[in-house]
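Visitor: Any chance you could fold what I've pasted below:
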Amino acid sequence: MGIYLVAFALFYACGLSITVGYHRYFSHKTYETNAVIETIILFFASLSAQGSALKWASDHRIHHAYVDTDKDPYSIKKGFWIAHVMWLFWDAPSLEQKVVPDLMKNPRVMWQHKYHIRIFIFANIFVWLFFGWLFQAYLASFIWIWWVRLFFLHHCTWFINSLAHYWGSKDYSREHSAMDNYIISLLTFGEGYHNYHHTFANDYRNGVKWYHYDPSKWIIWTLSKLGLATRLRKTRRFRIEEKIILARKAELLDRLHGCLLQQKDNLEEAIETMSKELLHKLSLWKELLQQQKELQKKNQQELAQNFKQKVRDVRNAFKKDCKKWQALSKQVLRITVPA
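Guide: Residues are numbered from 1 along each chain as shown. From the prediction side, this is the model:
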């Protein structure tokens with residue numbers, strides 16, 4: 001039983017080192033941390049057999065820059081299995097130094113890049129032998145802690161490139177293939193909210209809602225509370241709300257496109273009008289809130305209190321319009337087929 005628990009613990013530690021470290025830290029710089037945390041990340045990532053942080057970040061930054069195009073190294077447009085794993089064998093790009101100039105100044109990253117194959121081999125041999133000795137089960141340790149762990153770890157990581165661009169919903173943007181899917185988040189250490197990530201790539205969160213399963217987000221947040229991570233980057237709420245409205249508007253209009261419904265013109269007009277009104281109220285809410293904060297900074301409490309009521313009124317009006325928008329969305333989705 002101990003062997004299985006250790007294999008699962010290492011599976012999760014290595015997976016999080018990829019998502020918390022290779023992805024959100026080295027590739028996207030969504031937060032800052034110290035040399036000790038960097039070293040821990042690089043060690044567990046080296047156990048994962050996913051190459052160096054430098055090469056991983058290079059591939060991933062190219063993926064974001066050219067998503068869904070021929071230059072995307074693991075574009076879902078090339079096919080599910082190519083995006084999942086086969087790109088590694090015949091379409092993997094070479095290291096682009098101009099894409100990762102910041103990482104090339106990091107001595108820990110460069111040392112790991114230089115020796116990552118040796119580190120992977122010796123670290124895994126050490127882990128295998130240590131737990132084989134501890135449990136007096138060398139063969140079971142070799143099979144479960146080394147090979148079974150790596151098999152599931154690789155496929156769970158590759159699901160981010162394949163399944164997360166194939167199955168789910170587009171809640172924040174319809175301009176790319178990335179999708180949000182709660183089930184995929186369970187398999188990918190919180191990376192299943194991929195539509196959000198591709199829309200707001202510099203946010204340290206993938207699951208933006210409090211109830212979203214995103215252990216990578218929780219770890220980064222915890223590190224920040226312990227003083228081990230700083231400058232966590234978050235997308236502003238109003239920007240997120242705006243993208244949600246625009247994405248839903250595009251989806252509804254796509255559904256109506258080509259339909260021969262009698263009420264098509266009326267529905268399209270309602271979508272345009274209601275989305276425009278929502279965006280207007282959202283902009284007004286943001287503006288009033290900013291003015292209120294400026295008055296509070298100037299200690300003009302009485303005027304700030306008046307703005308507080310205005311903010312509340314606009315917020316409530318926005319929420320009421322959101323309910324109407326949801327009702328309209330359900331109506332259109334009910335009577336149309338996916339575009």
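
Visitor: Contacts for stretch 235-254, please.
Guide: 170-174, 199-200, 202-203, 208, 267-268, 271-272, 275, 278-279, 282-283, 285-286, 325, 328-329, 332-333, 339 (CB atoms under 8 Å, 6 or more residues apart in numbering). For glycine as for every other residue, the C-beta is placed from the backbone atoms N, C-alpha and C.

Visitor: Just the buried ones from those, in ChimeraX syntax?
Guide: ChimeraX command restricting these to the buried ones, with burial defined by 16 or more other CB atoms under 10 Å:
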select :170,171,172,173,174,199,200,203,208,267,268,271,275,278,279,282,285,286,325,328,329,332
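
Visitor: Counting only helices, which of the contacts of stretch 235-254 make the cut?
Guide: Among the contacts of stretch 235-254, DSSP state H puts 199, 267-268, 271-272, 275, 278-279, 282-283, 285-286, 325, 328-329, 332-333 in helices.

Visitor: give me the number of residues near residue 52?
Guide: 26 (other CB atoms under 10 Å).

Visitor: Hmm, it is touching residue 108, no?
Guide: No. Counting by CB atoms under 8 Å, residue 52 sits too far from residue 108 to count as a contact (10.9 Å).

Visitor: how close does residue 81 get to residue 160?
Guide: Counting by CB to CB, to the nearest Å, the gap from residue 81 to residue 160 is 15 Å.

Visitor: now do residue 143
Guide: 26 Å.

Visitor: Those two: which has the busier surroundings?
Guide: residue 160 (26 against 15).

Visitor: Mind telling me what element the more buried one is part of?
Guide: Element membership for residue 160 (DSSP states H and E) is helix 149-161.

Visitor: Can you give the distance from the helix or strand following that helix to the centre of its chain?
Guide: Counting by DSSP H and E, the next helix or strand C-terminal to helix 149-161 is helix 182-187. Going by CA atoms, centre = their mean, to the nearest Å, the spacing between the C-alpha centre of helix 182-187 and its chain's C-alpha centre is 12 Å.

Visitor: in helix 182-187, what's buried?
Guide: 184-185, 187.

Visitor: Adding pLDDT, write those out as CSV.
Guide: Below are these laid out as CSV (pLDDT from 0 to 100):
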residue, pLDDT
184, 96
185, 97
187, 95
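
Visitor: Quick one: residues contacting residue 34.
Guide: residue 228.

Visitor: Low-confidence ranges, this structure, go.
Guide: Within the chain, the ranges that satisfy pLDDT under 70 run 260, 300-304, 339.
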